[in-house]
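1. from the sequence below, what's the structure:
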Amino acid sequence: MSGFPIGFLRNGNHQLTASMLGFFFGVKVKQSLIISSLAQLALSVIFIIIPISTFFGIICFQITNTANLTCILFCFFVSYAIIESIATLYFVRPYRKAMQQIVYRNFLKKKNKAVSILVVSQVAAISINK
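-> Residues are numbered from 1 along each chain as shown. Presented below is the predicted three-dimensional model:
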């Protein structure tokens, strides 16, 4: 088979087999890409499409007393970038492992500090050992 698209066209068989798809990606990689894509699609719908369509609906139908709702919709729209970044950090394995190491190193790891106070003729000396 000389290249996937050419071999696929030469066969005349219009079915993709598992071995052809496995040539490009492993099963785990495909599954994680599909889950990541679905999560990003859901985030886009929730944080972009729904707020914008609701906002335009409020404007087109001239619904009164919707200032609070408009502020909430705008907050959803603005927070999309932050939520998308967090989702990317969660779904991409190297980023997730790096964030786990940072959190463990800075917040969860107990730091042993010894503090000693030495009083010498009314002058206090404090030393901190890490």
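
2. so Phe55 makes contact with Leu73?
-> Yes. The pair Phe55 and Leu73 passes the contact test of C-beta atoms under 8 Å, sitting 5.3 Å apart. Yep, even glycine has a C-beta here, placed from its N, CA and C like the rest.

3. where do the strands of this structure begin and end?
-> Taking DSSP state E as the test, the strands found in the chain are 114-120, 123-129.

4. for this protein, which helix is longest?
-> Longest helix in the chain by number of residues (criterion: DSSP state H): helix 27-44.

5. helices or strands up against that helix?
-> Counting contacts by 3 or more C-beta pairs under 8 Å, 6 or more residues apart in numbering; DSSP states H and E, helix 27-44 is packed against helix 80-91.

6. list the contacts of the helix it packs on.
-> Applying C-beta atoms under 8 Å, 6 or more residues apart in numbering, the set of residues contacting helix 80-91 from outside is Ser32, Ile35, Ser36, Ala39, Gln40, Leu43, Ser44, Phe47, Ile48, Tyr95, Arg96, Met99.

7. relative to helix 80-91, how tilted is the longest helix of the chain?
-> Computed with axes from the mean of the first three to the mean of the last three C-alpha atoms, to 10 degrees, the direction of helix 27-44 lies at 160 degrees from that of helix 80-91.
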